[in-house]
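>>> based on what follows, work out the 3D shape:
(chains A, B and C)
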Amino acid sequence: MKPRRSPSLIFTRVLCPALACMSAMTCVAQGPQATPSILAPASTSAHQIYALSQFVLMITGGIFAAVGGLLVFVIIKFHARDDDAEHEPPQIYGSTQVELAWSVIPILIVVVLFLTTARIIFAIQDAPEPADALDVIVIGHQFWWEFRYPKLGIVTANELHVPVDRATYLRLLSADVDHSFWVPQLAGKTDLIPDHPNETWIQPLHTGLYLGQCAQFCGVEHAKMLLRVYVDSPQQFAAWVKNEQQSGVQDSTVAAGRHVFDTEACANCHRIAGTAATGSFGPDLTHLASRATIASGVLANTPQNLHDWIQDPNSLKPGVLMPAMQLNESQIDELVAYLDTLH
Amino acid sequence: MGVQTLPIDAALDVTTPRRSPSQLLEWLHGWVVTVDHKQLGLMYMLYAIVFLLVGGAEAIAIRIQLAFPNNLFLSPEVYNEMFTMHGTTMVFLVGMMYIFAFGNYLVPLMIGARDMAFPRLNAFSFWMSAFGGLLLYYSFIGGFGLYGMGGAPDVTWWAYAPLTAKAFSPGHATDYWALALIVMGFGTLGSAINIIATTLCLRCRGMTLLHMPLFVWLMFVTSGLILIVITPLTAAQIMLLIDRYLGGHFFDTQAGGSATIWMHFFWIFGHPEVYVLVLPAFGFASEIIPVFSRKAIFGYPAMVAASVGIAFVSLGVWAHHMFTIGMTSVGNAFFALSTMLVGIPTGIKIFNWLATLWGGKIRFATPMLFCIAFLFQFLIAGLTGIMLAVAPWDWQLHNSYFVIAHFHYVLVGAIVFNIFAAVYYWYPKVTGRMLSETLGKWHFWLFLIGFHVTFDTMHFVGFLGMPRSIYTYMPDRGWNTLNLIISLGGFVQGIAVLIFAWNLIYSWFRGKEAGNDPWDAWTLEWSVPSPPPPYNFATDPVVYSRRPLWDIKHPDDPDWKYEA
Amino acid sequence: MSAMPISRFAEPWVLPSRGRVAMLSLIIGESAIFTIFVVAYIYYIGRSLSPPAPAQVLDVPVLNTICLLSSSVTIWLAERQIERGKIKTFAVWWAFTIALGLIFIGGTAIEWHKLIVVDELTIRTNLFGTTFYSLVGLHATHVIVGLIGLSLILLFTLTGHVNERHAERIQVFALYWHFVDAVWVVVFTVVYIIGR
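Numbering: from 1, shown residues only, chains lettered A, B, ... in the order given. A predicted model of the protein is given here:
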């Protein structure tokens, strides 16, 4: 979805906030939920979609009630009675007026539905990018997410931080196969297709952690390519940015672990800013310890999980592309101690 | 004067004596080399039923795995094979096969012909399709998959590029998928050509195109659609194999190729394909509903026009499967509109069926029960389809369980229900015996309950953000209970289908004798004995209206006086 | 509307010939396959990431095209001959058709030899190579299938098995050959005119 200067400012400035307000008023829950429900929108575009969906549901519900009700009526009223099984009922072959009537009404319904739909398509897809929007590049990998903030010099993985109330424009790329970025409370999904950059935007309205996951089958571990989006207050976001912009923490007490990292081929795939490790095949680990999860949202970031992961990633996420590194216990312990310092 | 009263003579007595076991090989051989449309139709149907059970088993495996979060019943590799094979099996080995089962069996009988236009092509097509399906299943044991259970296809039934490139799918799974479907495609093409030629060239005297039963019309339209819809899939699969084995770059994004062009080609096939699957089911409804309402179908010309309209419009909606891939807003708007438009002729059909029921005397035999359920379920399926046509809402619903719920509502709720109706309706004609009504009602109610428990719930778990194609899900997302309910409904459906299978077998031996016309129906197939003799009609029929047997049964009030 | 039912012997009941209907249906299906390959070809024009480009290596196959299109004329002439029962003349025109088809295939082979050996363009070289060999190759395959059919019919003719009663079947087969020629017109235009 490409943003550009939109001529239909009335839609973005008037209709959509109106729809958003409407849906915000009718929503029960606000803010993030453990269940990533599309019925709990927490951003501008999610609200627009939700409001549209309510309108469509009213129309389709009406059609269901009318036609379904008619069907129920018909099968009750015209049930064959035992006593008059002898004669066939009057044979009616058709009626042009009736056919016209029930062709015209659906056409009118389609016109209304289409016009409403088209407005929201243009409102969301062609929304002009505000000057203060945050730019993020999302690169989909089998089976993890890479996030780059080009203007801020940040590279991170799997856990996305965005500021509340500001628009974040996501440029969606893929390093291998098709993926799809779906955080239901924040936006409709958009696919990541190699050699076919896409764009989407989110303007979250409430702080908190929002969940999602990859929504386009991308291979064995598609199911465990989870998304965590932290919507931060401006202060929280500024603090996070500042931390992310630092190089990897250099703690001399874990020099043994750092030595393991440098010498045991970890650096071939992983990057830690400020060290010689500049691999880009796997997630950036510079601030690994500041993340709540590892393995793309699947495991809590605890020393035990880190230990098991390094020992044999395939036992936790079969089909993941990281191989077992064939390290012995003490090496893994030292490595985990080192990684734990990378806040 | 030369005016004949309607001359559809009953045929001669041709009950074949039961063969003794020593003639078993001869009997089998007869089936293998047959070119008789009825025998081929029966073989298509048995094939479809067997693979309905196999595909159903795959579904049960899926549902067991998903009944609990983080379940370990199936590994991810095997799960991915299960759902890919479930989809591929149900669409091609059941869906395409049931079409030609009924088409081959009924079309010649309904138009007063003795066989299809090209009986040997018919046999060739059946065996091609059958072997293609076996090739697909051979993949379980034949290939060296990357992991897990053999090399069965595991890339989803729509097999997006570049996941299917050699780099990302190094085993033979994708090759089996492509090759098996190419082989089946030849069979499908042959059958479609046969049906078109039969319909246009072998109708009996008086059977103008507008006198044909609606089922024949729908088979004709379906076959025409198949010609231009299966072939793009074949083309795309050839391109995929060229990429995988000859170093081609059709879908190779590293060389400038496009992943999205695969999507376009696949869905140019894939969307009209679902109309290919559903149109014959509409045909069943259009035959059964009138007979059990005791009224002619309301608006026959409109039904024909709507069917042709659906076929045409369905060719222009394919990118509604691609609303999230980054098409322009104008592109998205166009496909939203075209998708909504296809709802209009479809709605017209529902209204016409309703109008047929109106003022009738409805008999609720098992075939009719299934057709009435079809009407409700197809209405809902159409409405959820409209919801998906609303592109921004689709940006949320796409690739979620809501979509799975929608298309199972169509494929099971509309098509499978109608297939069951058709089997209960025509089994007497094919075998000479009635299916048990008691077992039929058990089958119906259990299947109805199971279907709704599963697929109604599925809409909601989709709303709650659960995507498709996932072998498991996190326990804290709030999807646990709903998934368990969905799985339980699946078991109920499985039991119902087993009752159905039992009914088929039991009634073959113990069913009530059916006679020519157990339902008091009006089309030509009911004028011949049950089962029909190999030559179908003793003398070529002559017809004067759409309901030849109505004309015979009501000589004072024949249709040709009133039909438009 | 209230017409009397038609009498059994009143009007002739005429239906189309099943051979023609079947062949036309096959042609429609095959057209869909070719359309997909043509769409792919057109979509990828100019998108190869590496050389060679069409303009650098493709020569317009004038002789081939003239031969193939003329073969439609010769087969048409053959059809007219067999309608009148002139089997020998039929066989001559039929043989000419085969000869022209063979020249086309031979010319294609020569062209491909040059492209592969001299210009180093194969199906895996770049997008142009992939789409070119796929599309032209698909067409050439259909020509070869047609030539096999033509040759079989010629064989049957020379051994005396073909006569005037087979005229309609010959015409049905000829439809296939005309289709192959029509596809060449499209392929030629797309590959050698538009794409270059």
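
>>> contacts only, for C:Ile82.
By CB atoms under 8 Å, 6 or more residues apart in numbering or on different chains, the residues touching C:Ile82 are C:Phe90, C:Val162, C:Glu164, C:His166, C:Ala167, C:Ile170. Every residue, glycine included, has its C-beta placed from N, CA and C.

>>> that one and C:Ala174, how far apart?
From C:Ile82 across to C:Ala174, the span is 10 Å (CB to CB, to the nearest Å).

>>> quick one: B:Phe374 from C:Thr97, how far?
For B:Phe374, the distance to C:Thr97 (CB to CB) stands at 53 Å.

>>> repeat for C:Leu69
According to CB to CB, C:Leu69 stands 12 Å off from C:Thr97.

>>> who's more crowded, these two?
A direct count of neighbours by other CB atoms under 10 Å in any protein chain shown for C:Leu69 and C:Thr97 places C:Thr97 higher, at 26 against 16.

>>> okay, buried residues for the lengthiest helix in chain A please.
In chain A, taking DSSP state H as the definition, the longest helix is helix A:96-125. Buried residues in helix A:96-125, counted by 16 or more other CB atoms under 10 Å in any protein chain shown: A:98-99, A:102-103, A:106, A:109-110, A:113-114, A:116-125.

>>> mind giving me the packing neighbours of the following helix or strand past that helix?
Using DSSP states H and E, the helix or strand that follows helix A:96-125 in sequence is strand A:134-141. Packing partners of strand A:134-141 (3 or more CB pairs under 8 Å, 6 or more residues apart in numbering or on different chains; DSSP states H and E): strand A:144-149, strand A:159-163, strand A:168-174, strand A:179-181, strand A:190-192.

>>> what's the last one packed up against?
Packed against strand A:190-192, as judged by 3+ CB pairs under 8 Å, 6+ apart, are the following elements: strand A:134-141, strand A:168-174, strand A:179-181, strand A:198-202.

>>> how about the residue nearest to A:Val112 when sequence neighbours are not counted, secondary structure?
Once flanking residues are discounted, A:Val112 sits nearest to A:Ile59: 7.5 Å by CB to CB, 6 or more residues apart in numbering or on different chains. Put simply, A:Ile59 is helix when judged by DSSP: H, G, I helix; E, B strand; the rest coil.

>>> next one, pLDDT for the residue lying closest to B:Gly316 once chain neighbours are set aside please.
Nearest residue to B:Gly316, sequence neighbours excluded (CB to CB, 6+ apart): B:Ser338, at 4.8 Å. B:Ser338 is assigned a predicted lDDT (pLDDT) of 97.

>>> can you give me the pLDDT of A:Cys21?
A:Cys21 is assigned 50 on the pLDDT scale.

>>> coming back round to it: of the helices and strands packed on strand A:190-192, which is nearest B:Thr366?
Closest approach to B:Thr366 among these (CB to CB): strand A:179-181, 43.2 Å.

>>> residues from the stretch 51-200 of chain A in reach of chain C?
Near chain C, no residue belonging to the stretch 51-200 of chain A is found when assessed by CB under 8 Å from any CB of the partner chain.

>>> pretty sure A:Ala277 sits against A:Cys269.
No - contact between A:Ala277 and A:Cys269 fails when scored by CB atoms under 8 Å: they sit 9.0 Å apart.
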